[in-house]
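Enquirer: quick one, what's the 3D model for this:
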Amino acid sequence: MTGKLILQLSKAKDIKYVSAKLSFDDNSELFFKDVRKFGRFGLIKDRMELAEKLGVDPVGSGFTPKTFREIMHSRKRQVKALLLDQGIIAGLGNIYIDEVLWECGIHPQKLSYNIKEGKCDQIHGSIVDLLRTAIKYGGTTIKDFGYQNGGVGEFRSKLKVYGQKDKPCERCGKSIERIIAAGRATWICSNCQKGPN
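Expert: Have a look, this model is predicted:
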């Protein structure tokens, strides 16, 4: 979500915002720096321990339209809150959820079980397409995400709604609004994404 993993072959001088550090036999060190403190760092013996805690991978073969419809219709939750839940679908964050819901014309506070099958299939397809495109562009750098070589995620230039408050909606021209949904800052077009009912 945020933060950086930095491998340094010598002792690091700047330890500001370091949440975790691993030291190796060759004197190299791996630092986890996270200014916003959203990230998590842990050691596990078997990666299956982590997999058991995470939901379906949205770019994996198990994320089918049928699976997604079952996820949506078996829960009575606001769609944004459901999509943010890493125990249900792993890897979706605030940015990509806002983009998907705008693309599909879904208000983030709409209850998941009320979303029709055809619209669920549209959301599913949008999630897969958007994530694959974002991966192609190296992710989305807004504030502090970056690569050790200084590179940043270039998908920011493709954002239609996230962080676009007061800019015109590319679909209808109405100003993008910022609201709070699922406890998170959320960007919507209230014309394209009608109220939650």
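Enquirer: where does pLDDT dip in this protein?
Expert: 1-3, 9-15, 36, 38, 137-155 (pLDDT under 70).
Enquirer: how does it divide into domains?
Expert: 1-43, 51-188 (automatic domain parsing).
Enquirer: out of those, which is closest to Gly195?
Expert: Gly195 lies closest to domain 51-188 among the domains of the chain, at 5.7 Å (Cβ to Cβ). (C-beta placed from N, C-alpha, C; glycine too.)
Enquirer: gap between the residue nearest to Lys110 when sequence neighbours are not counted and Thr67?
Expert: In space, and not counting its chain neighbours, Lys110 is closest to Pro196: 4.7 Å by Cβ to Cβ, 6 or more residues apart in numbering. Distance of Pro196 to Thr67, computed by Cβ to Cβ, to the nearest Å: 24 Å.
Enquirer: export the helix ranked longest in the chain as CSV, just CAs?
Expert: Determined from DSSP state H, the single longest helix within the chain is helix 117-136. Taking Å, rounded to 0.1, in the frame of the first residue of the first chain, the C-alpha atoms of helix 117-136 are listed here in CSV:
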residue,chain,number,x,y,z
GLU,A,117,-25.2,-10.0,-11.9
GLY,A,118,-24.5,-8.1,-15.1
LYS,A,119,-23.1,-5.2,-13.1
CYS,A,120,-21.0,-7.6,-10.9
ASP,A,121,-19.5,-9.0,-14.1
GLN,A,122,-18.7,-5.5,-15.3
ILE,A,123,-17.0,-4.7,-12.0
HIS,A,124,-15.1,-8.0,-12.2
GLY,A,125,-13.8,-7.2,-15.7
SER,A,126,-12.9,-3.7,-14.7
ILE,A,127,-10.9,-4.9,-11.7
VAL,A,128,-8.9,-7.4,-13.8
ASP,A,129,-8.3,-4.9,-16.7
LEU,A,130,-7.3,-2.0,-14.4
LEU,A,131,-4.9,-4.1,-12.3
ARG,A,132,-3.2,-5.5,-15.3
THR,A,133,-2.8,-2.1,-16.8
ALA,A,134,-1.5,-0.6,-13.5
ILE,A,135,1.0,-3.5,-13.2
LYS,A,136,2.2,-2.7,-16.8
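Enquirer: alright, I will stop here.
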